[in-house]
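J.: Give me the fold of what follows.
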Amino acid sequence: MTSNAIKFAAVSAVLMLASGTFSSLSQAQPVYRIVGPDGKVTFSDKPPPATSNARVTAAGADGARGITTASLPFELRKVAGQYPVTLYSGENCGPCASARSLLTTRGVPFTEKTVSTNADAQALQRISGDSSLPFLTIGSQQLKGFSDAEWTQFLDAAGYPKSSVLPASYRQAPATPLVTVAPAPAPTTTAARPATPGEPSTPVTPPPSNPAGIRF
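T.: Down below sits the predicted model:
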């Protein structure tokens, strides 16, 4: 284990003992939004069987996938790969803006997921066990609520530089919704078969004006 990994684990343990707001160091699991054939939506850390005919979209917390690390300096790329940072934020959230500013000013490459719909809120609850924002993950460590001092301690322990070393060409990826809803498949229409010459055409019966058969 590297010295940075040892320091990060030690600081994590100390801060978790000092505050009940931190969760245990459980491995972050992808969260799946599952829409069943009956339209019911559920969230799970396990995908449904392929035979269930359910639509699945990832609502996961894997921040590493949203970061382009190829252009980063070697040491920063190494830290970002080992301890990827993901920020979960909301609209009109002052602490979220402060959290974003801290990461941006320090030059921490991060993925930002927005929580603005009921589906997003349910997924956040599944990931963090809470609905408070901002919410940050550094590797598998979870930090609930913004605290400049505490977030700085964890970033230091993970090995992130204290000041930005990002290249001038680096561009932060735009924030994306926590849950991406798959578009509903377009209904298939059957083209009318052209009538064969000499074949009597079938008259089109207009729909009844009282389809329920209600009598007055």
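J.: which non-adjacent residue is nearest Gly145?
T.: Ser132 (5.9 Å; CB to CB, 6 or more residues apart in numbering). Backbone N, C-alpha and C define where each C-beta goes, glycine included.
J.: ok, the one you found to Phe146 distance?
T.: 10 Å (CB to CB, to the nearest Å).
J.: hmm, back to that, was I right to think the residue nearest to Gly145 contacts Leu143?
T.: No: in terms of CB atoms under 8 Å, Ser132 does not count as a neighbour of Leu143; the distance is 10.8 Å.
J.: Mind checking which of the two has more residues around it?
T.: Applying other CB atoms under 10 Å to Ser132 and Leu143 shows that Leu143 carries more neighbours, namely 23 against 14.
J.: Now do the contacts for the more buried one.
T.: Leu143 sits next to 22, 135-137, 150-151, 154 when contact means CB atoms under 8 Å, 6 or more residues apart in numbering.
J.: now the helices: where do they sit in this structure?
T.: Taking DSSP state H, the helices of the chain run over residues 3-18, 74-82, 94-106, 118-128, 148-158.
J.: The nearest residue to Leu87 once chain neighbours are set aside and Phe74, how far apart?
T.: Distances taken as CB to CB, 6+ apart place Glu112 nearest to Leu87, at 4.8 Å, with adjacent residues excluded. Per CB to CB, Glu112 is found 24 Å from Phe74.
J.: These two: which is more packed in?
T.: For Glu112 versus Phe74, neighbours defined as other CB under 10 Å are more numerous around Glu112 (22 against 7).
J.: Correct me if wrong: that one contacts Arg100.
T.: Yes: Glu112 is within contact range of Arg100, at 7.1 Å (criterion: CB under 8 Å).
J.: Quickly list what's touching both of these two.
T.: Here Glu112 and Arg100 have 87, 89 as joint contacts, going by CB under 8 Å, 6+ apart.
J.: Figure out which of the helices of the chain is closest to Arg171.
T.: Arg171 lies closest, by CB to CB, to one member of the helices of the chain: helix 94-106, at 11.6 Å.
J.: what are the ranges of the strands in the protein?
T.: For the chain, the strands defined by DSSP state E occupy 32-35, 41-44, 55-58, 85-89, 110-114, 135-138, 141-144, 176-177.
J.: can you tell me which of those strands the model trusts least?
T.: Set side by side, the strands of the chain differ in mean pLDDT, and strand 55-58 is lowest with a mean of 56.
J.: any weak-confidence spans in the chain?
T.: Counting by pLDDT under 70, the chain has low-confidence residues at 1-69, 182-216.
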